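>>> show me how the following folds:
(2 chains)
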Amino acid sequence: VQEIIQGCIRKDRSCQYLLYKEFYSYGMGICRRYALNEFDAGDVLNDGFLKVFTHIDKYEPSKPFKAWFARIITNTAIDNYRMNLKFSDHDDINDHENIGQGAAVYEHLAYKDLLNLIQNLSPAYRMVFNLYAIDGYSHEEIAGVLNISVGTTKSNLFKARQKLQERLIAHDKKVEADEDKAENKQ
Amino acid sequence: MKNENKLDQLFKKGLEDPEIPFNELDWIKMADKLDASAPKKVRPLWLYTAVSAAAALLLVLFWFLSNNDLAVQKKINHNVKAKSKPATIDTKSPDTNEAPLAKSKEPDLKVSEAPSSAQSMDYLPISPSMKTPEAASTERPMLADVKMPELLANRRFAANSPGIGLSIPNNGHILSTSKPKEQDIKDVIKKIDNATPGKLVLSILAAPDITNTKLSIGKKVSSNFGLLLTYPISKKLSVTSGAIYARKLYDYGGTGPSAYGIAGAPWQVDADCYVIDVPINLNYQVFKKKNISISVNSGLSSYFMLKEKYNYIKVEADGTSKLTALEFNNQNKHILGVANIAVSFDHKVNRNLSIGVQPFYKVPLTGIGYYDSDLKSKGVAFSISLSPFGKKK
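Predicted coordinates for the structure are as follows:
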């Protein structure tokens, strides 16, 4: 990867292509979680990659490239959210940490199902859940990047978890019903 | 320690690093983005310069034309005055309409005003010797005696002098006793006619064109059908807008980047896009003789991409071809994103109908469609123009 990065610093198009191909899946994975749909995700990914290629000379080789790359892509997704900000679902709730403790039973869910659940959240909930639950931001960091209060990030996280849990239960019931139907047919 | 929530863990584990198949089309778009961000790109600069120059030229022409109109009108006024023998009637009425502007050296026409109950439509300039109705009562001719060129000339002159006009009724009287020769009247009418804007025109057009990008391989014919409305600003200058439904067929391709000594794979994109093109163009008539006229047109178009279909074909190392089809509906619009340049040749069939041929060239000022293509179109539009809205006054 370091060799490819050096080529990207020289703006060698072949190296840019290789880096793009190498981190396409990882970057797209981040973008799909944050974006409304696949089309938006593609745009956000390329915006992010443009920043990566433009500022790649600022990358410090002693640190893991993947983390640097992920930070840039995530920041681009946040910028995109800010630009398209239309929703503001939040209120102040401070203590709702008990939601979602029984989720282990859903580990059979595939990537597509989980992505679908995330993408169906409202943008404000989706942003906070992504940043906190998956990308490891603290509430203070989220409040800073989204320009909202810490109370609001906590509230949105709570509501996001609540929605996800409800949908997981609904999903589980549907699966059970489908299985019952299949057994009855046999 | 921070995040022990099992729901969070479920999503983190399931979504953190998925396997998403690589899409070469996204790379093509990325490569275009890299090209667009490269500092060496100078094309947009000259394009913007050219469009700005065209707009400036049209503005200058418009300004020149407006002044020219005024000059013609003034000339007509002088002609009228020269051919008339104004009868000055000096009456010291207390109701006189003499205004503070009365010291103006503007060539004057002797005017009298009829009772205020009449419809007030026409305007004439105030002159130092403007007289009251009573004053003119002795030798004022009725409207029927007034010569049409004078009325028209006065009307046009006054219309261009807002703020210094004096309302007179249609059945008012103008002091003029001379009778200009028939030829003079024709000349004046012709001059007025030349300075008068034309009619509102509705055009139906069909236009084949060749649409391509800088990487295009073949030349496919695209089709356009539209409805346009042209509004005359002056005799020679007009503005056109409307909607054109276009189906743009084009392709482009190349060879992927080589890596580690292995040659890149050839690829090709076949595009089929349905677009609504909304132009706003300025037209300037550069030539007119009998029923033939030639105009230059310039302006900007907005593209609303209704449907974009892309077939991406890549030849793999083993010689097999892989096809990826993508379709986007109503995903992109490019407001004033395309520059239009055209020349129109029109033949007037009769008073209300004309036919035209218009070679045109459309150059993008921004990337067009989902893949930000450098989409140029050159073609010829065939139009039928109708003037169903009567003469514009």
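>>> quick one: the helices in chain B?
Here chain B has its helices, by DSSP state H, at B:6-15, B:24-37, B:43-83, B:133-136, B:148-159, B:182-194.
>>> likewise chain A?
For chain A, applying DSSP H gives helices covering A:2-9, A:13-34, A:38-54, A:65-83, A:111-119, A:123-129, A:139-146, A:150-185.
>>> tell me the most buried of the ones you listed?
Most buried of the helices of chain A, by mean neighbour count (mean count of other C-beta atoms under 10 Å in any protein chain shown): helix A:123-129, with a mean of 24. Using the backbone N, CA and C atoms, a C-beta is placed for each residue, glycine as well.
>>> and it, what does it pack against?
Other helices and strands packing on helix A:123-129, by 3 or more C-beta pairs under 8 Å, 6 or more residues apart in numbering or on different chains; DSSP states H and E, are helix A:13-34, helix A:65-83, helix A:111-119, helix A:139-146, helix A:150-185.
>>> for those helices, which one sits closest to residue B:353?
When these are compared by C-beta to C-beta, helix A:65-83 sits nearest residue B:353, at 49.9 Å.
>>> does any bit of that closest one sit next to chain B?
No - contact of helix A:65-83 with chain B (C-beta under 8 Å from any C-beta of the partner chain) is absent, the minimum separation being 9.3 Å.
>>> chain A contacts on chain B?
Those residues of chain B that sit near chain A, judged by C-beta under 8 Å from any C-beta, are B:2-3, B:5-23, B:26-27, B:29-31, B:33-34, B:37, B:256-259, B:328, B:331, B:370.
>>> 6 Å instead?
B:5-8, B:10-12, B:14-15, B:17-20, B:22, B:26-27, B:29-30, B:33, B:257, B:259, B:331 (C-beta under 6 Å from any C-beta of the partner chain).
>>> what residues of the longest strand along chain B count as buried?
Looking across chain B with DSSP state E, the single longest strand is strand B:321-350. If you call a residue buried by 16 or more other C-beta atoms under 10 Å in any protein chain shown, then strand B:321-350 has these buried ones: B:326, B:328, B:332, B:334, B:337-342, B:344, B:346, B:348.
>>> and which of those residues is nearest to chain A?
Lowest distance from chain A to the buried residues of strand B:321-350 (C-beta to the nearest C-beta) belongs to residue B:328, with 6.6 Å.
>>> beta-bridge partners for the nearest residue to the closest one once chain neighbours are set aside, please?
In this structure, residue B:328 finds its nearest non-sequential neighbour in residue B:308, 4.5 Å apart by C-beta to C-beta, 6 or more residues apart in numbering or on different chains. When assigned by DSSP bridges, residue B:308 has beta-bridge partners residue B:273, residue B:328.
>>> just for the stretch 51-200 of chain B, where's the confidence low?
B:51-198 (pLDDT under 70).
>>> put the alpha carbons of stretch B:300-307 into PDB.
Extracted in PDB, the C-alpha atoms of stretch B:300-307 (Å, rounded to 0.1, in the frame of the first residue of the first chain):
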ATOM      1  CA  LEU B 300     -27.700  28.900 -21.600                       C
ATOM      2  CA  SER B 301     -29.700  25.600 -21.200                       C
ATOM      3  CA  SER B 302     -30.800  23.700 -18.100                       C
ATOM      4  CA  TYR B 303     -30.800  20.000 -18.400                       C
ATOM      5  CA  PHE B 304     -33.200  17.900 -16.400                       C
ATOM      6  CA  MET B 305     -32.100  14.300 -16.600                       C
ATOM      7  CA  LEU B 306     -35.300  12.200 -16.700                       C
ATOM      8  CA  LYS B 307     -33.700   8.800 -17.200                       C
END
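>>> touching it from outside, list them.
Where contact means C-beta atoms under 6 Å, 6 or more residues apart in numbering or on different chains, the residues beyond stretch B:300-307 that reach it are B:274-280, B:329, B:332-336, B:338, B:340, B:369.
>>> next one: stretch A:1-11
Residues contacting stretch A:1-11 (C-beta under 6 Å, 6+ apart): A:15-16, A:18-19, A:56-57, A:65.
>>> which elements pack onto the longest strand of chain B?
Judged by 3 or more C-beta pairs under 6 Å, 6 or more residues apart in numbering or on different chains; DSSP states H and E, strand B:321-350 is in contact with strand B:292-315, strand B:353-364.
>>> report the angle between the longest one and strand B:353-364.
Orientation of strand B:292-315 against strand B:353-364 (axes from the mean of the first three to the mean of the last three C-alpha atoms, to 10 degrees) gives an angle of 40 degrees.
>>> how about JSON lines for the helices of chain A, with mean pLDDT and distance to residue B:200 added?
Converted to JSON lines, these look like this (pLDDT from 0 to 100; distance: least, C-beta to C-beta, whole Å):
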{"stretch": "helix A:2-9", "mean pLDDT": "88", "distance to residue B:200": "58"}
{"stretch": "helix A:13-34", "mean pLDDT": "91", "distance to residue B:200": "50"}
{"stretch": "helix A:38-54", "mean pLDDT": "90", "distance to residue B:200": "41"}
{"stretch": "helix A:65-83", "mean pLDDT": "91", "distance to residue B:200": "41"}
{"stretch": "helix A:111-119", "mean pLDDT": "86", "distance to residue B:200": "50"}
{"stretch": "helix A:123-129", "mean pLDDT": "91", "distance to residue B:200": "47"}
{"stretch": "helix A:139-146", "mean pLDDT": "92", "distance to residue B:200": "52"}
{"stretch": "helix A:150-185", "mean pLDDT": "84", "distance to residue B:200": "55"}
